[in-house]
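Asker: sequence below, structure please.
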Amino acid sequence: MATVLSISGSPSPTSRTARLLRHLDGRLVREGHAVVPLDVRALPPEALTGADPGHPAISEVASLLGHADGVVIGTPVYKAAYSGLLKSLLDLLPQYALAGKTVLPLATGGTLAHVLAIDYALRPVLSTMGATHITPGWFVLDRDITLTPDGDVSVEPAADGPLTQALGHFTTALDRAAFAPAAAGA
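Answerer: So this is what the prediction gives:
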């Protein structure tokens, strides 16, 4: 069982991105993983704008990252890039905060014109932060994410299939990473 930190970089309290992540968190839990959800918008504003990487809230996020085996990072796409809120957090974390981590980048947005934001905006940052393995990410159109009456999320089948596949690549990579140290020591 791996521990996964699930980070939503959306500034919106009614975020489709956060809802989608929490939906995927449930899938990961059903597969036996421990999931720690983190909504960046819930962090104190002074922690994100104060340029103090030693702020207790930022130190707590760094600690959560240190204990995680994998990280799912979700962001809405604004102006062809990941959210400024997520950027604020990533800028304050230690240079190699993702070292040794398997990372799944996800993005949501209103148009397919932003589909490459994962590869051209987010993936390079994750790589420079030392992520060991960045699995293929996925972009989901806002219109393909619907809140169900029970508070869960429904994803249109055309988007859910590839999203499930991306999550499968992530969990496979997590499992391999968990097995690798044991095999190396054998």
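
Asker: so which residues of this structure form helices?
Answerer: 16-30, 45-49, 56-67, 84-92, 117, 123-128, 157-185 (DSSP state H).

Asker: now render those helices as TSV, adding distance to residue 103.
Answerer: No exception for glycine: its C-beta is placed from N, CA and C like everyone else's. Output for the helices of the chain, formatted as TSV (distance: least, Cβ to Cβ, whole Å):
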stretch	distance to residue 103
helix 16-30	13
helix 45-49	20
helix 56-67	10
helix 84-92	12
helix 117	15
helix 123-128	5
helix 157-185	8
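
Asker: roughly how far apart are the residue lying closest to residue 11 once chain neighbours are set aside and residue 73?
Answerer: Once flanking residues are discounted, residue 11 sits nearest to residue 85: 4.6 Å by Cβ to Cβ, 6 or more residues apart in numbering. From residue 85 over to residue 73 the distance is 12 Å, taken as Cβ to Cβ, to the nearest Å.

Asker: report the set of residues contacting both of the two.
Answerer: residue 9 (Cβ atoms under 8 Å, 6 or more residues apart in numbering).

Asker: looking at those two, which one has more neighbours?
Answerer: Taking neighbours as other Cβ atoms under 10 Å, residue 85 and residue 73 compare with residue 73 leading, 29 against 22.

Asker: next, count neighbours for the closest residue to the more buried one other than its chain neighbours.
Answerer: What sits nearest to residue 73 in space, not counting adjacent residues and going by Cβ to Cβ, 6+ apart, is residue 7, at 4.9 Å. When counting by other Cβ under 10 Å, one arrives at 26 neighbours for residue 7.

Asker: cool, and residue 119?
Answerer: Residue 119, neighbours per other Cβ under 10 Å, totals 15.

Asker: for residue 143, same thing?
Answerer: Neighbour tally, residue 143, other Cβ under 10 Å: 11.
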